[in-house]
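Novice: please work out how this folds:
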Amino acid sequence: MKVLFVDDEENILSAIRRAMMREPYICYYARSGIEALAIMDEKKIDIVVSDMKMPNMSGLELMKKIKESYPDTIKIILSGYAQIAQVIATVNNVDLYKFLLKPWNNEELYETLKEASNYVRLLETKNREFEELETKSVMYQKIINIRQSGESITRDDIGNVKTISSKFFKIMNFLISIKNEGNILGLAIKLEKLYEIYVENLPTITSNYINENLIEFLKNYKIQLETFGESSNTNYIGNVGLIKSLISEMTDYLYVLTGDKKILVSLDILEKDFEIRFKVPLDLILRNDESISLEIKLLPKYLDLTKDLLKFSGIDLNITNSESEIQVILINEKK
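Specialist: Just a heads-up that it's a prediction; the model follows:
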């Protein structure tokens with residue numbers, strides 16, 4: 001939890017610093033309302049503890065601005081008896097969580113912050129539940145629209161929707177659980193994109209496609225393509241729109257991991273199937289960083305979701321790795 005303390009008296013802030021030294025919070029300190037808002041522009045502050053009587057911008061004015069711009073931030077006033085009338089006005093106007101009197105008792109401050117932290121987590125859980133319900137409603141609304149338009153949707157599609165929804169939300173919850181690491185928002189957007197691609201391709205309609213469809217599609221600027229084997233246009237079956245979109249998204253993900261370097265891709269046209277191999281050098285992924293990035297940590301879960309989606313169009317996704325590279329292999333049997 002990130003807590004911001006605001007008071008124009010340096011001795012008060014110093015006393016709070018000493019009191020918070022061993023507490024499990026990331027603490028920030030501001031000498032004015034203007035300085036506090038500048039910090040909040042840069043950091044996601046969970047709890048604000050502010051004095052009431054300050055020059056230029058009072059605690060009441062600060063809390064009003066926080067309510068307007070950061071409605072989920074918990075607001076606590078730490079002030080003296082003389083400001084009680086103002087505190088009552090603040091409670092009525094800005095959804096104040098609690099009022100603590102100066103001089104404060106450290107144990108009471110700790111208990112208040114603990115309660116406020118639990119309330120923040122409760123709000124986050126509720127917000128997450130609403131977001132999940134909204135995303136689920138989009139998926140099920142798509143099914144309703146399909147039925148109303150007269151298109152057929154199979155029991156398999158309905159079962160697949162449940163499977164993918166469950167897996168998607170588990171991965172999103174994993175991201176939320178490590179929200180203080182890396183580019184969480186960017187990764188969430190990439191996962192949502194996979195989900196949207198699947199929704200857009202419902203019902204899962206399969207059709208014939210040929211080698212040339214894949215070869216032309218794979219010739220893009222992000223990969224270095226090699227083709228092997230007889231390139232006669234043998235028929236395959238699957239939802240080619242879904243296949244192309246998922247390959248494109250997966251390539252984007254791998255492309256980011258390698259620091260925008262081209263990925264070597266080979267298309268092997270074999271007797272009974274084809275194999276598309278994405279070869280990603282490990283030295284490009286690790287780039288000599290001491291810490292493993294969140295994108296790498298999420299890679300197995302990302303590919304697992306992609307694997308399930310590709311399976312609906314007859315594509316098997318497998319992963320192999322050696323000391324030098326990771327290979328993502330897509331295999332489809334001929335019709």
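Novice: any weak-confidence spans in this protein?
Specialist: 81-94, 125-154, 176-185, 220-221, 231-233, 260, 283-292, 333-335 (pLDDT under 70).
Novice: how is this structure divided into domains?
Specialist: 2-119, 205-333 (automatic domain parsing).
Novice: the last one: how far from the chain's middle?
Specialist: Right, the one you point to is domain 205-333. Its chain's average C-alpha position is 23 Å from that of domain 205-333, according to C-alpha atoms, centre = their mean, to the nearest Å.
Novice: could I get the domains of the chain in a markdown table, plus columns for mean neighbour count and distance to residue 165?
Specialist: All C-beta atoms are positioned from the backbone trio N, CA, C, and that covers glycine. Formatted as a markdown table, the domains of the chain follow (neighbours: other C-beta atoms under 10 Å; distance: least, C-beta to C-beta, whole Å):
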| stretch | mean neighbour count | distance to residue 165 |
| --- | --- | --- |
| domain 2-119 | 17 | 26 |
| domain 205-333 | 16 | 11 |
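Novice: distance to residue 159 added to those, as a markdown table?
Specialist: Below are these laid out as a markdown table (distance: least, C-beta to C-beta, whole Å):
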| stretch | distance to residue 159 |
| --- | --- |
| domain 2-119 | 37 |
| domain 205-333 | 11 |
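Novice: and residue 28, that's in a helix?
Specialist: No - read with DSSP: H, G, I helix; E, B strand; the rest coil, residue 28 is strand and lies in no helix.
Novice: mind checking the SS state of the nearest residue to it once chain neighbours are set aside?
Specialist: In this structure, residue 28 finds its nearest non-sequential neighbour in residue 4, 4.6 Å apart by C-beta to C-beta, 6 or more residues apart in numbering. Assigned by three-state DSSP, the conformation of residue 4 is strand.
Novice: check the one 10 residues further on too.
Specialist: For residue 14, the reduced secondary structure class is helix; criterion used: three-state DSSP.
Novice: what ranges does the stretch 51-200 of the chain have for its strands?
Specialist: Counting by DSSP state E, counting those that start in this stretch, the stretch 51-200 of the chain has strands at residues 74-79, 98-101.
Novice: could these be laid out in TSV, adding distance to residue 281?
Specialist: Listed next are the strands of the stretch 51-200 of the chain as TSV, based on distance: least, C-beta to C-beta, whole Å:
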stretch	distance to residue 281
strand 74-79	47
strand 98-101	55
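Novice: residue contacts, the residue most central in space within the chain?
Specialist: Centroid-nearest residue in the chain: residue 188, 2.9 Å away (criterion: C-alpha atoms, centre = their mean). By C-beta atoms under 8 Å, 6 or more residues apart in numbering, the residues touching residue 188 are 172, 175.
Novice: surely residue 112 and residue 100 touch.
Specialist: Yes - counting by C-beta atoms under 8 Å, residue 100 is a contact partner of residue 112 at 6.4 Å.
Novice: overlap in contacts of these two?
Specialist: residue 76.
Novice: and residue 319, that one's in a strand?
Specialist: Yes - assessed by three-state DSSP, residue 319 belongs to a strand.
Novice: so it sits against residue 325, correct?
Specialist: No - in terms of C-beta under 8 Å, residue 319 does not count as a neighbour of residue 325; the distance is 11.3 Å.
Novice: counting contacts, what elements does the helix or strand that contains residue 307 pack onto?
Specialist: Residue 307 is part of helix 294-311 when elements are defined by DSSP states H and E. Here helix 294-311 touches helix 155-177, helix 184-200, helix 240-257, strand 316-321, going by 3 or more C-beta pairs under 8 Å, 6 or more residues apart in numbering; DSSP states H and E.
Novice: between the ones you listed, which gets nearest to residue 108?
Specialist: Residue 108 sits nearest to helix 155-177 of all these, at 30.6 Å, using C-beta to C-beta.
Novice: report the inter-axis angle for that closest one versus helix 294-311.
Specialist: 180 degrees (axes from the mean of the first three to the mean of the last three C-alpha atoms, to 10 degrees).
Novice: quick one, helix 155-177 and helix 184-200 angle?
Specialist: Going by the same axes, to 10 degrees, helix 155-177 is angled at 170 degrees with respect to helix 184-200.
Novice: C-alpha coordinates for helix 155-177, CSV please?
Specialist: Extracted in CSV, the C-alpha atoms of helix 155-177 (Å, rounded to 0.1, in the frame of the first residue of the first chain):
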residue,chain,number,x,y,z
ARG,A,155,-22.4,-27.1,-27.9
ASP,A,156,-18.7,-27.3,-28.5
ASP,A,157,-18.5,-23.5,-28.9
ILE,A,158,-20.5,-22.9,-25.7
GLY,A,159,-18.2,-25.3,-23.8
ASN,A,160,-15.1,-23.6,-25.3
VAL,A,161,-16.4,-20.2,-24.2
LYS,A,162,-16.6,-21.4,-20.6
THR,A,163,-13.1,-22.9,-20.8
ILE,A,164,-11.5,-19.9,-22.3
SER,A,165,-13.4,-17.5,-20.0
SER,A,166,-12.2,-19.4,-16.9
LYS,A,167,-8.6,-19.5,-18.1
PHE,A,168,-8.6,-15.9,-19.2
PHE,A,169,-9.8,-14.7,-15.8
LYS,A,170,-7.3,-16.9,-13.9
ILE,A,171,-4.4,-15.3,-15.9
MET,A,172,-5.8,-11.8,-15.3
ASN,A,173,-6.0,-12.5,-11.6
PHE,A,174,-2.4,-13.7,-11.7
LEU,A,175,-1.5,-10.3,-13.2
ILE,A,176,-3.4,-8.4,-10.6
SER,A,177,-1.7,-10.4,-7.8
